[in-house]
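> Return atomic coordinates for the entry below.
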Amino acid sequence: MRATILNALRNAEGPMTVADLATITGIPATTVRFHLHALIDDGVVAADPEPRSGRGRPRMLYRSHAVMDPSGARNFVLLAEVMVEALAAAPNAVEHALEAGRAWGERQAATGSHPVADLVATLDNFGFAPEPAGDGIRLNSCPFLELAKSHPTVTCAVHRGIMQGVLASHDTPLRLERLDAFVDGDHCMATLTGETA
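Numbering: from 1, shown residues only. Okay, here's the model as predicted:
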């Protein structure tokens with residue numbers, strides 16, 4: 001319904017009232033009003049009072065802005081697939097992926113906390129479902145599972161880089177020794193080396 005209302009405003013020759021929109025779209029006025037408020041909040045529709053000289057409250061006139069509707073569909077998986085495939089075909093793909101991940105990890109680091117706690121929190125925020133395990137961190141989920149399976153060298157290099165970046169931001173000898181992917185088919189294991197205390 002929201003798209004129908006927005007399209008009606010975009011195709012209109014001028015500003016429209018709620019009643020106009022209800023008539024054109026066949027959507028009840030209360031529903032039109034509800035969606036108009038959301039469209040205004042998203043910045044794709046503007047509302048102005050109707051100019052009038054008589055008494056009483058003026059009707060509101062609605063018009064669309066020339067911007068894309070931010071509630072439209074998203075397909076970040078497609079974008080990720082395109083970017084990973086392009087990167088995988090480039091020379092030095094793994095090095096570029098590692099460096100990109102490292103830079104991202106450095107920006108995410110919370111240097112006032114313990115490095116392992118910071119790394120676990122960062123990985124948790126990204127959707128890895130991490131848990132400390134022995135001398136490392138067990139990753140129980142992969143937010144890029146399909147890409148990690150189809151392009152493991154590039155995708156896992158980004159993951160290694162993120163972990164390296166977080167740890168490098170701390171004043172600690174603790175480092176990522178290795179990242180083993182799909183251990184027993186159900187998790188990945190990040191092994192750390194250096195003093196953890």
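
> Could you name the helices and strands sitting against the helix or strand hosting residue 102?
Here residue 102, judged by DSSP states H and E, is contained in helix 93-108. With contacts defined as 3 or more C-beta pairs under 8 Å, 6 or more residues apart in numbering; DSSP states H and E, helix 93-108 has these neighbours: helix 76-89, helix 115-126, helix 152-168. (C-beta placed from N, C-alpha, C; glycine too.)

> Out of those, flag the one nearest residue 175.
Nearest to residue 175 among the helices and strands packed on helix 93-108 is helix 152-168 (5.9 Å), distances taken as C-beta to C-beta.

> If you count neighbours, what's buried in that closest one?
Buried residues in helix 152-168, counting neighbours by 16 or more other C-beta atoms under 10 Å, are found at 154-168.

> Which element is encountered next along the chain beyond that helix?
Going down the chain from helix 152-168, the next helix or strand is strand 175-183, by DSSP H and E.

> And the protein, what are its domain boundaries?
2-64, 76-193 (automatic domain parsing).

> Could you single out the most deeply buried of the ones you listed?
With neighbours taken as mean count of other C-beta atoms under 10 Å, the domains of the chain reach their highest mean count in domain 76-193, at a mean of 17.

> secondary structure element for the closest residue to residue 126 other than its chain neighbours?
Closest residue in space to residue 126, ignoring its immediate chain neighbours: residue 143 at 5.9 Å, by C-beta to C-beta, 6 or more residues apart in numbering. Using DSSP H and E, residue 143 maps to neither a helix nor a strand.

> any idea how far residue 143 is from residue 80?
Applying C-beta to C-beta, to the nearest Å, the value for residue 143 to residue 80 is 10 Å.

> And the pLDDT for the residue nearest the centre of the chain?
For the chain, the residue nearest the mean C-alpha position is residue 76 (7.8 Å; C-alpha atoms, centre = their mean). Model confidence at residue 76, given as pLDDT, is 87.

> circling back to that earlier point, list the contacts of the residue nearest to residue 126.
Residue 143 makes contact with 126-128, according to C-beta atoms under 8 Å, 6 or more residues apart in numbering.

> Kindly reformat these as CSV containing pLDDT and distance to residue 10.
Converted to CSV, the contacts of residue 143 look like this (pLDDT from 0 to 100; distance: C-beta to C-beta, whole Å):
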residue, pLDDT, distance to residue 10
126, 94, 38
127, 94, 37
128, 96, 42
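
> possible to save the residues you listed as TSV with distance to residue 43?
TSV is the format used below for those (distance: C-beta to C-beta, whole Å):
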residue	distance to residue 43
126	29
127	29
128	34
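
> out of those, who's nearest residue 7?
Looking across the contacts of residue 143 and measuring by C-beta to C-beta, the closest to residue 7 is residue 127, at 35.2 Å.
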